[in-house]
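[1] no sequence on this one, just coordinates:
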Ligand SMILES: Nc1nc2c(c(=O)[nH]1)N[C@H]1C(S)=C(S)[C@@H](COP(=O)(O)OP(=O)(O)OC[C@H]3O[C@@H](n4cnc5c(=O)[nH]c(N)nc54)[C@H](O)[C@@H]3O)O[C@H]1N2
Ligand SMILES: Nc1nc2c(c(=O)[nH]1)N[C@H]1C(S)=C(S)[C@@H](COP(=O)(O)OP(=O)(O)OC[C@H]3O[C@@H](n4cnc5c(=O)[nH]c(N)nc54)[C@H](O)[C@@H]3O)O[C@H]1N2
Ligand SMILES: [Mo]
């Protein structure tokens, strides 16, 4: 098909500066010249944005044209003769530059943009002497400095009105926070004041700052430096699972700025955390030496002392118990190489499958559910494919806050492709404001709404009969279940009127290409696996899996949670989901690792590990890069469990709430300080590169793990992360074709990638499902485990916000992020608040059978009445003081999204 397309693409011959060249029909002169390496200046052009042509600096001479033409807006034509640097062109460019410079401040010497400023560069290149023009002062209004945003300043005097910032804000980020104000010569860019930040239009993504060609939009920087002192290293963002590519700009071993790069997942976009959330790296709180707890106090120790201490304590456990009674928590924040080594250590050195990580609390229901129905529990399609979807159905994902760059992609699809959007969420989240159909479903009613939609699709015969026959099994059983269900009753359970459900079902079913995007609002239930399988049922019913711009797309949360799962940091599988219960698989790993007697039973999951610690079945817990005291359900229970251990080792970049309970704390290098790979939510494996040295004696996690393995007598001698990757890929079919050399691009490679000549896989299940035929699994709605009662009359859900990341070890140490959301709060609807006499900003107490928190009330129209939303970011003011581990029987995910709670107003004295 590609070949046909190529033939259809017309080639055009024309000449540039007297040389005959070829181009594709539809290309602009600027594009072709860029490909040819001919430098045409431009301020307003960005290949991602619609052509604006306003800056005029790219003017070229075209034979026969009456005027000079902008190269960005002029398409090449057969026989055209173009001059890019004729005398006339140069004169015109000089004139434009002179005009721009005539009212531009003469500050190049002290301007922070110097060296990277396009106006300065072109002025120099074209020999325009600013002194020949008088500096024009005044008249245009609002030309002053605005530094009200916590992350960047706008200096309107330096603005040349190229409009890139306005276009990126409106057309790519799609929030419309930047506009032009006034007209004609008085035109200025109207900018986000902090007030705007608070009313939600500006999301401080900083994409405007990244595209500004002059010093008009500049990041607030931790220190002053000149651009030529900067060393840039390309790497992958370490916050969420989008996997944005970025350059870390380093001066004196300190990251001083972050700039977006054009990776396949992010298209040179970033969010506020990726762009501005890097100061934690150089924060004085970073762990710099190992710490050993002696008589209740941490004492600094050398690596040797710390490792020996661990060895001795572990030996005591072993001599008393006959076994190390070891369990490990691995980390979705760490690299693939580190997760590989962590599970190798657990299985190879401590001979146990008791290894797990935060994916248990996150998408374990996805991994279990989709593995059952499709054969693979990962996002089926690629992020950029959403741009061409006809319908997007978001259920239980606060996309614009938790995967901001994907949220922006979906909005671009709406604007550019007329993609229709359906949203189901008990809170009217930002994405819901722009939805074609918004269903404010009752919390815990996903299965009911999905069954209701399927019932409409079945009754109205909107399903894809041919696809179902050819590619699925168990359809009859699904129908039998659907036939038993009462549509009106289902609508009542979700609290949505039947006509809206019908409209949503028809919209989804009639689309050619429809993608479902879901996350924690589906997975974090005791019925999470069933919820995931319901999503899969709906997509299969309409033939939406196995093609482009469609699919079932679980948005994986952490930067490397997909990778940590792929690497086998799970109790039931080795790398690439090879089962620990399969003797042949075990034999393969035993041989490769040169060990015997591997544990052959499925190990304990994270909540089970905590219970086993509490009842002393486990004695030695090793936690790498997790903070369960804040992130696991029921804080007091977790604290008790961790305190019951004989030996707790925590390996982190900060002294977290969890590390404070440890016997030994080991200082790890952060993402910017080490080499490796992360696998993003769309299965894309991307490089992580070292930009700075770690602080003090901190070491890359893999180096620490290797030291420990050696200390316990295992001969491990990797000299680089790459060597670990090489071992891993020989044991992992889906990664087998990847090498660091192949990964050394901005796009990385998507698994499955079974051989070195395989290009990687853009979307899964084309032609054939991983499990052969896809499976329909009929699901009945089950009510939440905890329902409101007289004592706890409200429902409470929990989650996140844009500015904070998880347990705030990193974002809590970035000043600007805390200006917006620095304290614990609870969201509630106006009636729920009024009933208790609560107004916005009051201090309130939220309690559950597990505990209570005192936080600030956020009274919002967007929240369903009777429901409270509490973020889990804020430690003792966070949701997990109140939650409880009611587990899904299949995957053991806790029902973090729904508990019962009580709300009270605090008296002023509190
Ligand atoms: N800024 C930021 N971004 C992050 C993170 C972060 O901490 N901060 N964490 C990352 C991680 S690890 C993850 S897993 C993702 C999570 O990303 P999301 O899942 O998008 O985030 P949550 O806030 O947990 O929950 C999503 C939504 O579920 C809704 N919800 C609650 N109950 C129900 C229900 O019964 N049905 C439906 N349909 N919806 C419901 C909530 O109102 C909320 O809007 O975010 C990742 N990105
Ligand atoms: N109530 C409620 N609870 C939840 C959720 C919810 O929605 N509601 N969501 C759950 C979900 S989806 C998730 S994923 C979990 C997340 O739970 P956690 O993974 O426990 O949360 P993080 O704060 O991301 O913890 C990561 C730790 O790794 C450290 N770290 C960062 N980089 C590195 C590194 O390179 N090396 C090392 N060694 N350490 C590093 C950080 O400082 C931090 O302490 O929380 C879960 N908890
Ligand atoms: Mo997560």
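    Happy to help now that I have it. What you see is a predicted model; the values in this text were computed from it and never measured. Ligands and ions are numbered 1, 2, ... in the order given.
[2] tell me, how many neighbours does the residue in the stretch 751-900 of the chain positioned nearest to ligand 1 end up with?
    Of all residues in the stretch 751-900 of the chain, residue 799 sits closest to ligand 1, at 2.3 Å by CB to the nearest ligand atom. In short, each C-beta sits where N, CA and C put it, glycine included. Residues near residue 799, counting by other CB atoms under 10 Å, number 23.
[3] now swap in residue 473 and tell me
    14.
[4] same question, residue 401
    20.
[5] you'd agree it is in a strand?
    No: under the criterion used here (DSSP: H, G, I helix; E, B strand; the rest coil), residue 401 is helix, not part of a strand.
[6] quick one: it and ligand 3, what's the gap?
    13 Å (CB to the ion, to the nearest Å).
[7] circling back to that earlier point, what separation is there between the residue of the stretch 751-900 of the chain closest to ligand 1 and ligand 3?
    Residue 799 sits 10 Å away from ligand 3, going by CB to the ion.
[8] Could I get the contacting residues of that residue?
    Going by CB atoms under 8 Å, 6 or more residues apart in numbering, residue 799 touches 398, 402, 520-521, 869, 871-872, 897.
[9] Tell me what it is bridged to.
    Judged by DSSP bridges, the bridge partners of residue 799 are residue 871.
[10] The longest strand belonging to the chain close to ligand 1?
    For the chain, the longest strand by residue count, based on DSSP state E, is strand 851-859. No: using CB under 6 Å from any ligand atom, strand 851-859 stays clear of ligand 1, coming no nearer than 13.3 Å.
[11] Would you indicate which residues of that strand are buried?
    Within strand 851-859, the residues that count as buried by 16 or more other CB atoms under 10 Å are 851, 853-855, 857-859.
[12] Any chance you could list what contacts the helix or strand encompassing residue 637?
    Here residue 637, judged by DSSP states H and E, is contained in helix 635-643. The contact list for helix 635-643 (CB under 8 Å, 6+ apart) reads 610-611, 613-614, 621, 628-629, 632, 648, 658, 661, 850-851, 876, 878, 880-881, 885.
[13] Of those, which belong to strands?
    In strands, judged by DSSP E, the following of these are found: 621, 648, 851.
[14] any idea of the mean pLDDT for the helix holding residue 637?
    In this model, helix 635-643 has a mean pLDDT of 97.
[15] How far off centre is that helix?
    Mean-position distance between helix 635-643 and its chain equals 29 Å (CA atoms, centre = their mean, to the nearest Å).
[16] quick one, phi/psi of the residue of the stretch 151-300 of the chain found nearest ligand 2?
    Of all residues in the stretch 151-300 of the chain, residue 238 sits closest to ligand 2, at 6.4 Å by CB to the nearest ligand atom. Phi and psi for residue 238, reported as degrees, to the nearest 10, are phi -110, psi 10.
[17] Could you check how far it is from residue 287?
    17 Å (CB to CB, to the nearest Å).
[18] And these two? Which one has more around it.
    Neighbours per residue, other CB under 10 Å: of residue 238 and residue 287, the larger number sits with residue 238, 26 against 23.
[19] Next, count neighbours for the spatially closest residue to that one that is not a sequence neighbour.
    In this structure, residue 238 finds its nearest non-sequential neighbour in residue 671, 3.8 Å apart by CB to CB, 6 or more residues apart in numbering. Residues within reach of residue 671, counting by other CB under 10 Å, total 26.
[20] I'd guessed residue 671 sits against residue 239; true?
    No: using CB atoms under 8 Å, residue 671 makes no contact with residue 239, being 9.6 Å away.
[21] any residues in contact with both of the two?
    residue 559.
[22] Who are the contact partners of the residue nearest to the spatial centre of the chain?
    A centroid search over the chain (CA atoms, centre = their mean) returns residue 240, at 2.8 Å, as the residue closest to the centre. Residue 240 makes contact with 273, 402-404, 557-559, 805, according to CB under 8 Å, 6+ apart.
[23] repeat that with 10 Å
    By CB atoms under 10 Å, 6 or more residues apart in numbering, the contact set of residue 240 is 271, 273-274, 401-406, 555-559, 561, 680-681, 800, 805-806.
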